[in-house]
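**Student:** for reference, the sequence and a predicted model appear below.
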Protein chains: 2
Amino acid sequence: MTRTPSPGGAASVRVSAPATIGNIACGFDVFGMAVKSPSDVVVARATREPGVIIERITGDEGRIPVDPARNSAGAAARAVLGLARAGATAEAMASDSGNAAAGVAIELHKGIPLAGGMGGSASSAVAGAVAADRAIGAGLSRAQLLQCALAGELAGSGSPAADNVAPALHGGIVLVLPGRSLQVVELPVPAELWTVLVRPHLEIRTRDARRVLGEHVPLKAAVTQWANTAAFTAGLYASDWDLLSRSIRDVVAEPLRAGRVPGFARAREVALARGALGFSLSGSGPSVFALCRGGEAAERVAEGIRRAFGETAALDCEAWASPVNRHGVRVEDLEAEGD
Amino acid sequence: MTRTPSPGGAASVRVSAPATIGNIACGFDVFGMAVKSPSDVVVARATREPGVIIERITGDEGRIPVDPARNSAGAAARAVLGLARAGATAEAMASDSGNAAAGVAIELHKGIPLAGGMGGSASSAVAGAVAADRAIGAGLSRAQLLQCALAGELAGSGSPAADNVAPALHGGIVLVLPGRSLQVVELPVPAELWTVLVRPHLEIRTRDARRVLGEHVPLKAAVTQWANTAAFTAGLYASDWDLLSRSIRDVVAEPLRAGRVPGFARAREVALARGALGFSLSGSGPSVFALCRGGEAAERVAEGIRRAFGETAALDCEAWASPVNRHGVRVEDLEAEGD
């Protein structure tokens, strides 16, 4: 999959990274999963000029900065250039060849709604990192790409959490272990597990949503939460639907955040009545998600949630229902171009 | 396995329940595991007189109350009689036979040190519940026996937590899901997983140990803890020793409790240097545990911990190393006796 760098920059690469559901209810900051759509797309090509330039952004209504230092995709691409340069220098010192990459020009096409709680900035960061890596043929490892995408996510959203970046990169359902050396654990995905993601037309900024949490948690709620992260993990390994259903609950963040999403309580009620295994905020909201067993249940639940938001809170919604996205980021095509 | 009640009470049953390691570092109040020894033993026989009497207690230096209402084994046996009576009454109403059990006389032999953090009161409760059930032939379900043992544990130790009772009853490694309907999830046990349990000659009461925790946890520590309960669960399912090693950590209770156990820091250092996967307090201490891959490592670690307590804190220790106990409570024999 790794390309040899085209000196002077002739290759163009198109990379798509999916939206993700952070937290998955019980695992605040540690669980995340990828959905099939929507996605963000980054098109990148190597350039002679050093550094990153953002040539074009679509789908953002002009709201995302084109300054690569303040743009998830751009900042991630810069981190890739930095690592590639360091690697090339080390290689050059060893082999005396000195084939360092120069720069990258990128286009960002936002398919994921902004400030929706669907991990959009993380997806842009992952797409930006992978596209830059492929465009210049840096051949970074997945762990390095994760670090670059995290740098992008931090620049774009201000969040250092990896619960959106990791699933956008790896696909599937992941557990992120915090600490000095970040570790991503890929968890098994039961075959019939479907995701429902619904975005009511509201916006909540992650920064604000984190603020309402405070710095302490009641011990009792914390105990419930760590029982549930263990139970959710066991449920995935054992394809135990009852255990999944029992554990997809958030007693820590949701009670403090759900009040900002009018219609949330009714939407949950309808989702569970229509057979959802669980229902909660996606990340910090306002989008909500449900997990379901099978596609029919997922479609039924998605429709119920849309209606509940419409009837209770007069909110328009977009809704997506799909199996879990197992592959994560995808390199869509590579085109040779004139420079 | 269920015996028909001997009217008038002639059967004597001997039941042994193992010590347990509550919390297993990361899972405060939700994880527990059973070891092979030490154990508590309850001998019970049905009696014509209603209610529970405790005829004899050994191994407690006279410190455990013989009042069955304040004794784990006795209170658990009383709960069994209560459930059996309720069941018998319902049956009697249905079948008009009226074969209600009368009472139980029990002996309690403490093999598990008192106030050691090894789940001794829970083990007595489990042995008491199972022995009473067998002696009167009540045939309660495991879920009912769990409820009875929890009543015993609450009476004996004041703790409503199930992280010692559940593994003493089920064996192996269990996850206890709190909430209205308590659920016990049996987790897989990797074949080579060994336990080390070391009891320095100190006593800490569970009631006091809970008090130091307070009612809130820093959010950051809580996030680490729920990442680790998920990682520990994944490690057990996947037999992933690195993941187990990384996740057997307690950033919530241990920092507040370990200071009461002189020599703790040095004992941990030695245990990890000798190859332990993880090391922490067993329950609320003062006993400590380590988990190891294989018996040789376990013996080496046990010896190291003993020495560390001796050299650093001049504390004598007892130490036990064994594979995980997969069966839990055991009915050792049934003897027909004269009444």
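**Tutor:** Right, received. Where do you want to start? None of the values given here were measured: they were computed from a predicted structure.

**Student:** could I get the full set of helices for chain A?
**Tutor:** A:72-95, A:120-136, A:142-157, A:165-170, A:206-211, A:219-238, A:241-247, A:254-257, A:264-273, A:295-313 (DSSP state H).

**Student:** name the residues of the top strand by length along chain A that are buried.
**Tutor:** Secondary structure of chain A read by DSSP state E shows that its longest strand is strand A:31-47. For strand A:31-47, burial by neighbour count (16 or more other CB atoms under 10 Å in any protein chain shown) applies to A:31-36, A:38-47. Where you see a C-beta, it was placed from the backbone N, CA and C, and this is true even at glycine.

**Student:** do the same with stretch A:202-222
**Tutor:** Neighbour-count burial for stretch A:202-222, counted by 16+ other CB under 10 Å, picks out A:202, A:204, A:206, A:209-210, A:216-217, A:219, A:221-222.

**Student:** now the two most distant members of those.
**Tutor:** For the buried residues of stretch A:202-222, the farthest-apart pair by CB to CB is A:Leu202 and A:Leu219; their separation is 32.4 Å.

**Student:** from A:Gly156, how far out is the residue in the stretch 1-150 of chain A that chain B sits nearest to?
**Tutor:** Closest residue of the stretch 1-150 of chain A to chain B, CB to the nearest CB: A:Val30 (4.2 Å). Separation of A:Val30 from A:Gly156 (CB to CB, to the nearest Å) stands at 21 Å.

**Student:** and what of A:Ala143?
**Tutor:** According to CB to CB, A:Ala143 and A:Gly156 sit 20 Å apart.

**Student:** so what sits opposite the closest residue to A:Val331 other than its chain neighbours in the bridge?
**Tutor:** Closest residue to A:Val331 apart from its sequence neighbours, by CB to CB, 6 or more residues apart in numbering or on different chains: A:Val15 at 5.3 Å. Per DSSP bridges, residues listed as beta-bridge partners of A:Val15: A:Val42, A:Val331.

**Student:** need the contact list for A:Gly172.
**Tutor:** Residues near A:Gly172 by CB atoms under 8 Å, 6 or more residues apart in numbering or on different chains: A:33-34, A:186-187, A:189, A:324-326, A:328.

**Student:** can you get me a residue count around the closest residue in space to A:Ala161 that isn't next to it in sequence?
**Tutor:** Spatial nearest neighbour of A:Ala161, chain neighbours left out: A:Asp29 (4.9 Å); criterion: CB to CB, 6+ apart. A:Asp29 has 24 neighbouring residues, counting by other CB atoms under 10 Å in any protein chain shown.

**Student:** surely A:Asp29 meets B:Val223?
**Tutor:** Yes. With contact defined as CB atoms under 8 Å, A:Asp29 reaches B:Val223; the gap is 5.0 Å.

**Student:** which residues are in contact with the residue of the stretch 1-150 of chain A closest to chain B?
**Tutor:** If you count contacts by CB under 8 Å, 6+ apart, A:Val30 has them with A:23, A:163, A:175-178, A:229, B:223, B:226-227, B:230.

**Student:** who's in contact with stretch A:146-162?
**Tutor:** A:22, A:29, A:32, A:69-80, A:83, A:121-122, A:124-126, A:128-129, A:132-133, A:140, A:164-166, A:168-169, A:176, A:178, A:182, A:184, A:206-207, A:210.

**Student:** next, the buried residues of it.
**Tutor:** In stretch A:146-162, counting by 16+ other CB under 10 Å, buried: A:146-157, A:159, A:161-162.

**Student:** pLDDT at A:Ala92, what is it?
**Tutor:** At A:Ala92 the predicted local confidence, pLDDT, stands at 62.

**Student:** again with A:Pro5
**Tutor:** 45.

**Student:** equivalent analysis for the one 10 residues further on, please.
**Tutor:** The predicted local distance difference test score for A:Val15 is 98.

**Student:** quick one: it and A:Val41 touch, right?
**Tutor:** Yes. Using CB under 8 Å, A:Val15 is in contact with A:Val41, at 6.9 Å.

**Student:** now for A:Gln58, how many residues are close by?
**Tutor:** If you look again at residue A:58, you'll see it is Thr, not Gln. The burial count for A:Thr58: 11, using other CB under 10 Å.

**Student:** and it, how far from A:Asp40?
**Tutor:** A:Thr58 is 10 Å from A:Asp40, where distance means CB to CB.

**Student:** now list whatever residues contact both of the two.
**Tutor:** Taking CB under 8 Å, 6+ apart as the contact rule, A:Thr58 and A:Asp40 both touch A:108-110.

**Student:** now, these that are in strands?
**Tutor:** A:108-109.

**Student:** which among the shared contacts of A:Thr58 and A:Asp40 count as buried?
**Tutor:** Listed as buried from the shared contacts of A:Thr58 and A:Asp40 are A:108-110; burial here means 16+ other CB under 10 Å.

**Student:** before we move on, the earlier item: turn the contacts of A:Val30 into TSV, including neighbour count and pLDDT.
**Tutor:** Converted to TSV, the contacts of A:Val30 look like this (neighbours: other CB atoms under 10 Å in any protein chain shown; pLDDT from 0 to 100):
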residue	neighbour count	pLDDT
A:Asn23	26	97
A:Asp163	26	94
A:Leu175	29	98
A:Val176	28	97
A:Leu177	20	96
A:Pro178	18	85
A:Thr229	30	98
B:Val223	25	96
B:Trp226	31	97
B:Ala227	27	98
B:Ala230	31	98
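
**Student:** need the max-distance pair from those residues.
**Tutor:** So, these by CB to CB: farthest apart are A:Asn23 and A:Leu177, at 15.2 Å.

**Student:** and the end-to-end length of stretch A:249-263?
**Tutor:** 18 Å (CA to CA, to the nearest Å).

**Student:** before we move on, the earlier item: filter the shared contacts of A:Thr58 and A:Asp40 down to the ones close to chain B.
**Tutor:** For chain B, no contacts are drawn from those by CB under 8 Å from any CB of the partner chain.

**Student:** remind me which residues of chain A are low pLDDT?
**Tutor:** A:1-11, A:89-101, A:204-207, A:333-339 (pLDDT under 70).

**Student:** centroid-nearest residue for it?
**Tutor:** A:Asn164 (3.5 Å; CA atoms, centre = their mean).

**Student:** contacting residues around that one?
**Tutor:** Applying CB under 8 Å, 6+ apart, the residues near A:Asn164 are A:20, A:22, A:32, A:119, A:121-123, A:153, A:283.

**Student:** ok, 10 Å please
**Tutor:** Counting by CB atoms under 10 Å, 6 or more residues apart in numbering or on different chains, A:Asn164 makes contact with A:19-23, A:32-34, A:117-123, A:125-126, A:149, A:153, A:157, A:176, A:206, A:282-283.

**Student:** same question, A:Leu197
**Tutor:** Counted by CB under 10 Å, 6+ apart, A:Leu197 has contacts A:19-21, A:35-38, A:116-118, A:282, A:287-290, A:302, A:305, A:318-322.

**Student:** which among those end up buried?
**Tutor:** A:19-21, A:35-36, A:38, A:116-118, A:282, A:287-290, A:302, A:305, A:319-322.
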